[in-house]
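K.L.:
What shape does this take:
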Amino acid sequence: MSNGLDINKIRNDFPILEKKINGKPLVYLDNAATTHKPRQVIDKLQQYYSEMNSNIHRAVHTLSKTSTQEYYKVRSIVQEFINAEYFEEIIFTRGTTESINMVSQTWGRANLKPGDELIITEMEHHSNIVPWQMICEEKGAKLRIAPMTDDCDLIIEEYDKLLNDKTKLVSFTHISNTLGTVNPIKLLIDKAHSAGAKVLLDGAQSVQHKKIDVRALDVDFLAFSGHKIYGPTGIGVLYGKKEILESMPPYQGGGDMILSVSFEKTEFNYLPFKYEAGTPNIAGTIGLGEALKYVQGIGLEVIDEYETKLLKHATERMKEIDGLKILGNAKEKASVISFIFDDIHPNDLGSMIDLHGVAIRTGHHCTEPIMRKFKIPGTSRASFSFYNTIEEVDYFIDSLKKVVTMLG
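P.N.:
The predicted structure follows:
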């Protein structure tokens, strides 16, 4: 038992953690890229395909009714998880990327005009850069960038300077996938609203670590992915305030997003189905519900406290290694450490440490502007989950020392 967590019990819930890599026990420190799945999620997926597999909505037979009921339950689970006011505010997507693109291509097309401005930050993932570049180019709007310090804290004064009566939307990450920076989201949201702008929060790296209350935050949109919160791949969520979603045009056409179709006119369905064209990822959605229940069973406050302990221990131990530089030393950080050596390429380091059974991420992490800012090709990144242990962190550091000695 550690900080309210029964680590042995938790680790037993994740079958892949029993795997050996190159003859060594797997030490998985690539959780910012994707998290592993507990047996509860795996079993739920198997149950769906073996006991209730059917398309939803459009049938009266037993399998369809069962799968439809299971699918519908998850919307309420997500609603409770983020404290949304209405279940209609929960839209199922393929993930954070599609959620952001959906807002860009629906709200953006309906509301942006030449001369309007959008604001993002210097630490954004490509998924929160490219969709806004695309819609700005299409509509003649301008994309403004809020800078950060060399320690990778957002410069609030510079953010303030960008806000004006031309600002229509601000979109920023809650937690940087590369730097671990935790942004002061309530402050940023309030400032944007004072300027009359809407706000989209990229929660891909935060919903699995910290409690998000969309009503307390008063955020207009929230995007996150299932596979980063111990759920299946290919499923995600877009939350949007009901009145905003109702005012937006559909994203795609076909399937259950219609009420009626004729060759003369199509009448669109009400929320949330208006934004869920075609057959959805039924199994993925049901698996996501199981993952959220699993996380709720542990408690996000307990998870955050334990992962912060892992982060602090790893940060202190990495200071033992000569030549190692940590990229991202914000005042508030989540459980991500990106690091570099002047004379060792990240890919070489990642390949060599894999021989010790340690999985880390190397490269630009879909944040090329950050790499350009610091004039580096990429970083090595270790990211932690509540199923990691202090012993794994120590093994990672000891293995890193051996690899650095060999490569250096």
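K.L.:
give the contact list for Arg109.
P.N.:
135, 138-139, 249 (Cβ atoms under 8 Å, 6 or more residues apart in numbering). Using the backbone N, CA and C atoms, a C-beta is placed for each residue, glycine as well.
K.L.:
SS state for the residue of the chain most remote from its centre?
P.N.:
Most distant residue from the mean C-alpha position of the chain: Glu264, 40.8 Å away (Cα atoms, centre = their mean). Three-state assignment for Glu264 (DSSP: H, G, I helix; E, B strand; the rest coil): coil.
K.L.:
In the stretch 151-300 of the chain, mark out all the strands, start to finish.
P.N.:
167-173, 198-202, 221-225, 236-240, 258-261, 266-268 (DSSP state E, counting those that start in this stretch).
K.L.:
and the ones you listed, which one's lowest on average pLDDT?
P.N.:
The weakest mean pLDDT among the strands of the stretch 151-300 of the chain belongs to strand 258-261, with a mean of 86.
K.L.:
What are the phi and psi values at Thr362?
P.N.:
phi -130, psi 150 (degrees, to the nearest 10).
K.L.:
That one: neighbour count?
P.N.:
21 (other Cβ atoms under 10 Å).
K.L.:
How about Ile56?
P.N.:
20.
K.L.:
and it, what does it touch?
P.N.:
Taking Cβ under 8 Å, 6+ apart, one finds 64, 67-68, 71, 279-280, 282 in contact with Ile56.
K.L.:
So what's the residue count around the closest residue in space to Glu88 that isn't next to it in sequence?
P.N.:
Using Cβ to Cβ, 6 or more residues apart in numbering and skipping the chain neighbours, the partner closest in space to Glu88 is Leu271 (3.9 Å). By the criterion of other Cβ under 10 Å, Leu271 has 18 neighbours.
K.L.:
okay, the strands of the stretch 151-300 of the chain in JSON lines with distance to Arg75 and mean neighbour count next?
P.N.:
Listed next are the strands of the stretch 151-300 of the chain as JSON lines, based on distance: least, Cβ to Cβ, whole Å; neighbours: other Cβ atoms under 10 Å:
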{"stretch": "strand 167-173", "distance to Arg75": "24", "mean neighbour count": "24"}
{"stretch": "strand 198-202", "distance to Arg75": "19", "mean neighbour count": "26"}
{"stretch": "strand 221-225", "distance to Arg75": "14", "mean neighbour count": "27"}
{"stretch": "strand 236-240", "distance to Arg75": "9", "mean neighbour count": "28"}
{"stretch": "strand 258-261", "distance to Arg75": "19", "mean neighbour count": "12"}
{"stretch": "strand 266-268", "distance to Arg75": "19", "mean neighbour count": "13"}
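K.L.:
nearest to Phe87, of the ones you listed?
P.N.:
strand 236-240 (10.9 Å; Cβ to Cβ).
K.L.:
which secondary structure elements does the closest one contact?
P.N.:
helix 62-82, strand 90-93, helix 96-103, strand 221-225 (3 or more Cβ pairs under 8 Å, 6 or more residues apart in numbering; DSSP states H and E).
K.L.:
Parallel or antiparallel, which strands does the helix-or-strand element of the chain with minimal mean pLDDT pair with?
P.N.:
The helix or strand of the chain with the lowest confidence, counting by mean pLDDT, DSSP states H and E, is strand 258-261 at a mean of 86. Strand pairing for strand 258-261, determined by DSSP bridges: strand 266-268 (antiparallel).
K.L.:
And this protein, what are its domain boundaries?
P.N.:
Using automatic domain parsing, the domain parsing of the chain gives 7-30+299-407, 43-296.
K.L.:
can these go into a markdown table with extra columns for distance to His36?
P.N.:
Below are these laid out as a markdown table (distance: least, Cβ to Cβ, whole Å):
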| stretch | distance to His36 |
| --- | --- |
| domain 7-30+299-407 | 5 |
| domain 43-296 | 7 |
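K.L.:
where in this structure is pLDDT low?
P.N.:
Judged by pLDDT under 70, the chain has its weakly predicted residues at 1-3.
K.L.:
try 90 this time
P.N.:
1-5, 57-60, 254-262, 267, 269-270, 408 (pLDDT under 90).
K.L.:
re earlier: will you turn the strands of the stretch 151-300 of the chain into CSV that also has distance to Thr149?
P.N.:
Below are the strands of the stretch 151-300 of the chain laid out as CSV (distance: least, Cβ to Cβ, whole Å):
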stretch, distance to Thr149
strand 167-173, 16
strand 198-202, 20
strand 221-225, 26
strand 236-240, 30
strand 258-261, 49
strand 266-268, 46
